[in-house]
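Participant: Output the structure for:
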Amino acid sequence: MTHKSSNRGKWRGVFAAAVGVLLFSSIASAHGDLRDQITAATRRIAESPNDARLYLKRGELYRLHGEPAPALADFERAGRLDPSLAEADLGRGMALADANRHEAARRMLERFVAKRPDRAEGRVALARVLSKLGKGGEAAAEFSRAIALSSPPKPDLYVERSEALAAAQRIENAIRGLDDGIQKLGPLVSLEEPAIDLELRRKNFVAALARVDRMAALSPRRETWLARRGGILLASGRRREAFESLRQAQRALDLLPPRLRETRAMERLGNRIRSQLRGG
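Facilitator: Numbering: from 1, shown residues only. Okay, here's the model as predicted:
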């Protein structure tokens, strides 16, 4: 998946939540070809040309198809037909972001948030645009508001907030924010891994090792965590302990049944372990 399609996936969830499950169920589930859905939406618009929500739906379909210009036109038409339709501002903001017009996107999303301050999806969209604009502190504040409004918040929100804080050189706050997520959601790999990376970024090898050891103790399979431990020990200059951990990782990997050991991910792990054992 490309970075662009990944971003569209993030926005997809934001927009589907904003406009309602029934209207956007086909978009959220990604069933059917987008071009076919656009054609069907165009037919419905021809039958009901003054229905603002039909333009809203087609605008999002265009946006997901990677066509921000017609998406923006549909969102603007929806807004003109129904000025009370705040979701048109959300759609415009995301289409502008897709077109890399981040300052304009920011203004539009701020307008949506002013109208719907209790909507987490607007906060998330605004936070992502603020991150693109290099305003990590402001982005983190919006992610925090989105987290507070979400029940339960998704792990990705904690990760994105930590990335925004790290970009603003607030590493300690970034780690603390991930720990807040771990406390609320449990010791998820998706939260612990970026916390380990941040500990290593500030060369806090002891804290990074403690996190790795906690995850290894909870995991039914330890080869990846043992290899991670070995790499951290190497980085900290503890070569003897590092090689012992790497050898343990190699033994754990060798004991896996072929169907697991021969996956691409495990082959890459084995290559990395052997490379580190050869020369560190």
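
Participant: Which residue ranges of the stretch 51-200 of the chain form helices?
Facilitator: Assigned by DSSP state H, counting those that start in this stretch, the stretch 51-200 of the chain shows helices spanning 52-64, 68-81, 87-98, 102-115, 120-132, 136-149, 155-167, 171-185, 189-201.

Participant: and Ser219, which of these is closest to it?
Facilitator: The minimum distance between Ser219 and these falls on helix 189-201, with 8.4 Å, by Cβ to Cβ. All C-beta atoms are positioned from the backbone trio N, CA, C, and that covers glycine.

Participant: Make JSON lines from the helices of the stretch 51-200 of the chain and add mean pLDDT to it.
Facilitator: Shown next, in JSON lines, are the helices of the stretch 51-200 of the chain (pLDDT from 0 to 100):
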{"stretch": "helix 52-64", "mean pLDDT": "96"}
{"stretch": "helix 68-81", "mean pLDDT": "96"}
{"stretch": "helix 87-98", "mean pLDDT": "96"}
{"stretch": "helix 102-115", "mean pLDDT": "97"}
{"stretch": "helix 120-132", "mean pLDDT": "97"}
{"stretch": "helix 136-149", "mean pLDDT": "97"}
{"stretch": "helix 155-167", "mean pLDDT": "98"}
{"stretch": "helix 171-185", "mean pLDDT": "97"}
{"stretch": "helix 189-201", "mean pLDDT": "97"}
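
Participant: need those helices in a markdown table with mean neighbour count and distance to Leu234, can you?
Facilitator: Converted to a markdown table, these look like this (neighbours: other Cβ atoms under 10 Å; distance: least, Cβ to Cβ, whole Å):
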| stretch | mean neighbour count | distance to Leu234 |
| --- | --- | --- |
| helix 52-64 | 25 | 44 |
| helix 68-81 | 20 | 46 |
| helix 87-98 | 27 | 40 |
| helix 102-115 | 19 | 40 |
| helix 120-132 | 25 | 32 |
| helix 136-149 | 21 | 31 |
| helix 155-167 | 22 | 23 |
| helix 171-185 | 18 | 22 |
| helix 189-201 | 19 | 12 |
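
Participant: for the ones you listed, which one sits closest to Ala46?
Facilitator: helix 52-64 (9.7 Å).

Participant: now the closest one against helix 68-81, angle please.
Facilitator: Put simply, helix 52-64 runs at 160 degrees to helix 68-81, going by axes from the mean of the first three to the mean of the last three Cα atoms, to 10 degrees.

Participant: angle of helix 52-64 against helix 87-98?
Facilitator: 10 degrees.

Participant: So what's the gap between helix 52-64 and the chain middle?
Facilitator: Taking Cα atoms, centre = their mean, to the nearest Å, one finds helix 52-64 lying 23 Å from the centre of the chain it belongs to.

Participant: Please apply the same query to stretch 214-234.
Facilitator: The chain centre lies 24 Å from the centre of stretch 214-234; the measure is Cα atoms, centre = their mean.

Participant: So which bits of that stretch are buried?
Facilitator: For stretch 214-234, the neighbour count (16 or more other Cβ atoms under 10 Å) marks 215-216, 222-234 as buried.

Participant: Can you get me the start-to-end distance on it?
Facilitator: End-to-end distance of stretch 214-234 (Cα to Cα, to the nearest Å): 19 Å.

Participant: Which of the buried residues of stretch 214-234 fall within helices?
Facilitator: Among the buried residues of stretch 214-234, the members found in helices (DSSP state H) are 215-216, 223-234.

Participant: Please report the distance of the residue of the chain most remote from its centre from Leu85.
Facilitator: Most distant from the centre of the chain: Glu47, at 37.9 Å, with distances by Cα atoms, centre = their mean. Going from Glu47 to Leu85 by Cβ to Cβ, to the nearest Å gives 19 Å.

Participant: still on that earlier bit, quick one, what contacts the residue farthest from the centre of the chain?
Facilitator: Not one residue lies near Glu47 by Cβ atoms under 8 Å, 6 or more residues apart in numbering.

Participant: 10 Å instead?
Facilitator: Contacts for Glu47 (Cβ atoms under 10 Å, 6 or more residues apart in numbering) come out as Leu54.

Participant: Hmm, Pro152 is touching Leu188, no?
Facilitator: No. Using Cβ atoms under 10 Å, Pro152 makes no contact with Leu188, being 11.9 Å away.

Participant: Can you check the pLDDT for Gly279?
Facilitator: If you check Gly279, the pLDDT there is 79.

Participant: Many thanks, we can stop here.
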